[in-house]
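# Based on what follows, work out the 3D shape:
(one chain, ligands or ions: 1)
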Amino acid sequence: MSVEKCGAAILGFGNIGSGAAELLKTNKARITQSAGREVVLKYILDVKFPENSEFKHLFVSDFALIENDPAVTVVIETIGGIRFAYDFTKRALSAGKSVVTSNKELVAMYGHELLTIAKANNVNYLFEASVGGGIPILRPLSQCLAANEITEIYGILNGTTNYILTKMSEGQSYEQALKTAQELGYAEADPAADVSGKDTCRKICILADLAFGKHINPNEVSVIGIENVKNALTAEGKVKLIGRAKKLGGDRIMIRVAPEVIAADHMLSCVENANNGIVVKGDAVGEVLFYGQGAGKMPTASAIVADVIDCVKHVNARKWLYWDDGDRIELVSE
Ligand code: HSE
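Numbers count the residues shown, from 1 in each chain. A predicted model of the protein is given here:
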């Protein structure tokens, strides 16, 4: 039986983009069955072309080729950062293509605007991979927990820093652990975003935006990273980098990023290495823990390709719109 085809393009062929290409190829039959259409990877946009890549024939350097190809239904943005990613995402959405991304920086800063453009063009902008790597968290939060008033979200949201703190608690140096985290593909191109807490900040802002329905600017959040942590294992418990967003009275929320000592009997205490653990508190469900691989090539590709399937399945319909329009919630310190 022949199935309809849907063209896809990947922007940025680094660790995550190449993982998405591999997964689309390796699990093609399963993906086609799930999506009800065959996802055909037509283009890979990057500035450099790895000579030995099996996807070499798909490489292009001009975004207009993708933008102007009506056969491309979904664009996978794994460039990272703001500059090119923001421009290409706006152009892709405006050209009537859904966009899927793992780019937490872009989502945290401009997600609201990009969702508005997606809505105007009747396409999707999906970003499950932007928080928690391979852990399903945005859909469960928006859908499975929709009946709850979410009162607090907190957790370990950065694989690199959790890996470093875990290895430090086992006696390794900060520098050695960071080097290994980079080699394992967990860290950002510039790992300063990880260790300074900025990456965690972007992710807790996205979660808070979704949970509380307002856009929070990550630049306005108090952030302390792990650069000054000397001892990751104390008598009171393990030190973990925690992103925390809590609903206070009225329309106010508290949001911050800082290292915290986690007691041995707390459910986040056993979240080690590059794993993430995210606790969501709802008024009906109580506390729920989302746990799994929060960084790395294939776990992140898993979330990206699931979003691709959703886009392809819901061509011409917006299935997910995460943010409400409205004023920002006032930021206060605890
Ligand atoms: N650098 C990020 C981390 C990648 O370590 O969590 C996943 O967002």
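
# Which residue is the nearest non-sequential neighbour of Ala92?
Distances taken as C-beta to C-beta, 6 or more residues apart in numbering put Val75 closest to Ala92, at 4.3 Å, once the chain neighbours are dropped. C-beta: built from backbone N, CA, C; applies to glycine.

# For the helix or strand the one you found falls within, give the mean pLDDT please.
In this structure, Val75 sits in strand 72-77 according to DSSP states H and E. The pLDDT scores in strand 72-77 average 97.

# That strand: partners in the sheet, and parallel or antiparallel?
strand 5-11 (parallel), strand 98-101 (parallel) (DSSP bridges).

# For the ligand, which of these is the nearest?
Nearest to the ligand among the strands paired with strand 72-77 is strand 98-101 (11.5 Å), distances taken as C-beta to the nearest ligand atom.

# Would you confirm that the residue nearest to Ala92 contacts Leu11?
Yes - counting by C-beta atoms under 8 Å, Val75 does reach Leu11; the two are 6.4 Å apart.

# what do these two both touch?
Counting by C-beta atoms under 8 Å, 6 or more residues apart in numbering, the contacts common to Val75 and Leu11 are 66, 88.

# Give me the more crowded residue out of the two.
Higher neighbour count among Val75 and Leu11: Val75, with 29 against 25, using other C-beta atoms under 10 Å.

# ok, now how distant is the residue nearest the centre of the chain from Asp307?
Centroid check for the chain by C-alpha atoms, centre = their mean gives Ser130 as the closest residue, at 0.8 Å. Taking C-beta to C-beta, to the nearest Å as the measure, Ser130 falls 10 Å from Asp307.

# before we move on, the earlier item: any idea how far the residue nearest to the centre of the chain lies from the ligand?
Distance of Ser130 to the ligand, given as C-beta to the nearest ligand atom, to the nearest Å: 7 Å.

# same deal with Ser196?
The gap separating Ser196 from the ligand is 12 Å, by C-beta to the nearest ligand atom.

# Can you classify the nearest residue to that residue once chain neighbours are set aside as helix, strand or coil?
Residue nearest to Ser196 in three dimensions, not counting chain neighbours: Gly225, with 4.0 Å by C-beta to C-beta, 6+ apart. Assigned with DSSP: H, G, I helix; E, B strand; the rest coil, Gly225 falls in the coil class.

# now do Cys311
helix.

# Contact partners for the nearest residue to it once chain neighbours are set aside?
Excluding the flanking residues, the one nearest Cys311 by C-beta to C-beta, 6+ apart is Ser98, at 3.9 Å. By C-beta under 8 Å, 6+ apart, Ser98 lies in contact with 73-75, 118, 123-126, 311, 315.

# what's the closest of these to the ligand?
The nearest one, if we look at these relative to the ligand and count by C-beta to the nearest ligand atom, is Leu126, at 15.7 Å.

# relative orientation of the helix or strand harbouring Ala20 and strand 72-77 in degrees?
Using DSSP H and E, the element containing Ala20 is helix 15-26. Calculated by axes from the mean of the first three to the mean of the last three C-alpha atoms, to 10 degrees, helix 15-26 forms an angle of 140 degrees with strand 72-77.

# buried sites along helix 15-26?
In terms of neighbour count (16 or more other C-beta atoms under 10 Å), helix 15-26 has its buried residues at 15-24.

# Same question for stretch 178-192.
Quick answer for stretch 178-192 (16+ other C-beta under 10 Å): 178, 181, 184-188, 191.

# check whether that stretch contacts the ligand.
Yes - using C-beta under 6 Å from any ligand atom, stretch 178-192 reaches the ligand at 186-188.

# So which bits of stretch 250-257 are buried?
253-257.

# So is that stretch next to the ligand?
No - using C-beta under 6 Å from any ligand atom, stretch 250-257 stays clear of the ligand, coming no nearer than 12.8 Å.

# May I have that stretch as CSV, with CA atoms only?
The C-alpha trace of stretch 250-257 is given here as CSV (Å, rounded to 0.1, in the frame of the first residue of the first chain):
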residue,chain,number,x,y,z
GLY,A,250,-2.4,36.4,43.3
ASP,A,251,-0.7,36.5,39.9
ARG,A,252,2.8,36.3,41.3
ILE,A,253,5.4,33.6,40.9
MET,A,254,8.9,32.9,42.3
ILE,A,255,11.4,31.6,39.9
ARG,A,256,15.1,31.0,40.4
VAL,A,257,18.1,28.8,39.5
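
# can you map out the strands along the stretch 151-300 of the chain?
Under the criterion DSSP state E, counting those that start in this stretch, the stretch 151-300 of the chain contains strands at 222-223, 233-234, 237-247, 253-262, 275-282, 286-293.

# No more questions from me, cheers.
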